[in-house]
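Chemist: Next comes the sequence, and after it the predicted model I'd like to discuss.
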Amino acid sequence: AQSVAQPEDQVNVAEGNPLTVKCTYSVSGNPYLFWYVQYPNRGLQFLLKYITGDNLVKGSYGFEAEFNKSQTSFHLKKPSALVSDSALYFCAVRDPWAGNNRKLIWGLGTSLAVNP
Amino acid sequence: SQTIHQWPATLVQPVGSPLSLECTVEGTSNPNLYWYRQAAGRGLQLLFYSVGIGQISSEVPQNLSASRPQDRQFILSSKKLLLSDSGFYLCAWTRGAGEQYFGPGTRLTVT
């Protein structure tokens, strides 16, 4: 069965330090992978995606993510965290062979707190 | 550019009352459309999706229904709300590789 795991409910990091939010996945084919951010009482904002090509993808607000096929992971990273990065982060995966519904399988989210 | 609208932003309704939430997308055609519910600020639950006008797929059994009367309009409804229907309702659209774009959401409180 397809699934996405975000093993950490919460990540705490000091401002200026690097941050990593972890995501692992399980799909039957080559995955399409996505990261989103959600601020309180707001809709989700798309950050970045991996479809094919370079394993390191860059996205909005200085975030990047590395696709690792052997470890089935797609961890979100940022070299230097800002207090304004504090939010809820979601990882999602799509099986490209699943048909035209383009449904995403979602992780449960990781709450990131960046401390000043 | 594409824009997605949801209204109302907040709603307080008594148990047993009807519900209608609307979502519209601008700047694209023939999108896939999705309704999600998010409880307690965490995980997303896919409720319905639509790949075209009049085509609705339901993901979970519940007292909610959805309709797509026009290409870029998606409506979530209920005849009688339950306390458990409270939550944050999000509409999203997608085309192409599959990244979804979300509306601002509707906070529903059933009292």
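Modeler: Arrived safely.

Chemist: drop to CA atoms for contacts and neighbour counts, all remaining ones
Modeler: Noted.

Chemist: Can you list the low-confidence ranges for chain B?
Modeler: Residue ranges of chain B with pLDDT under 70: B:41, B:61.

Chemist: Stretch A:67-81 spans what distance, first to last residue?
Modeler: End-to-end span of stretch A:67-81 (CA to CA, to the nearest Å): 21 Å.

Chemist: average pLDDT across it?
Modeler: Here stretch A:67-81 scores 96 as its mean pLDDT.

Chemist: Show residues contacting that stretch.
Modeler: A:13-26, A:33, A:35, A:50, A:55-56, A:62-66, A:114 (CA atoms under 8 Å, 6 or more residues apart in numbering or on different chains).

Chemist: List buried residues within the residues you listed.
Modeler: The neighbour-count test (16 or more other CA atoms under 10 Å in any protein chain shown) applied to the contacts of stretch A:67-81 identifies A:13, A:15, A:19-26, A:33, A:35, A:50, A:63-66, A:114 as buried.

Chemist: Return the subset of these lying in strands.
Modeler: A:13, A:19-21, A:24-26, A:33, A:35, A:50, A:64-66, A:114 (DSSP state E).

Chemist: Now do the strands in chain B.
Modeler: When assigned using DSSP E, the strands of chain B occupy the ranges B:3-7, B:10-13, B:19-26, B:32-38, B:44-52, B:55-58, B:64-70, B:73-78, B:87-94, B:101-102, B:106-110.

Chemist: of all these, which lies closest to residue A:104?
Modeler: strand B:44-52 (9.0 Å; CA to CA).

Chemist: from the middle of its chain, how far away would that closest one be?
Modeler: 8 Å (CA atoms, centre = their mean, to the nearest Å).

Chemist: same deal with stretch A:26-46?
Modeler: For stretch A:26-46, the distance to the chain centre is 6 Å (CA atoms, centre = their mean).

Chemist: does chain B sit close to that stretch?
Modeler: Yes - legend: contact between stretch A:26-46 and chain B by CA under 8 Å from any CA of the partner chain is shown at A:32, A:34, A:40-46.

Chemist: Okay, buried residues for that stretch please.
Modeler: Buried residues in stretch A:26-46 (16+ other CA under 10 Å): A:26-27, A:31-38, A:42-46.

Chemist: How about stretch B:3-19?
Modeler: B:4-7, B:13, B:19.

Chemist: Could you give the separation between the terminal residues of that stretch?
Modeler: Per CA to CA, stretch B:3-19 runs 24 Å from first to last residue.

Chemist: List the contacts of that stretch.
Modeler: So stretch B:3-19 is in contact with B:21-27, B:76-83, B:91-93, B:101-111, going by CA under 8 Å, 6+ apart.

Chemist: Buried ones among these?
Modeler: B:21-25, B:76-78, B:81-82, B:91-93, B:101-110.

Chemist: ok, and of those residues, which contact chain A?
Modeler: The subset of these lying close to chain A, counting by CA under 8 Å from any CA, consists of B:101-105.

Chemist: dump the residue contacts of the residue nearest the centre of chain B.
Modeler: When chain B is reduced to its mean C-alpha position, the closest residue under CA atoms, centre = their mean turns out to be residue B:35, at 3.3 Å. By CA under 8 Å, 6+ apart, the contact set of residue B:35 is B:46-49, B:76, B:89-92.
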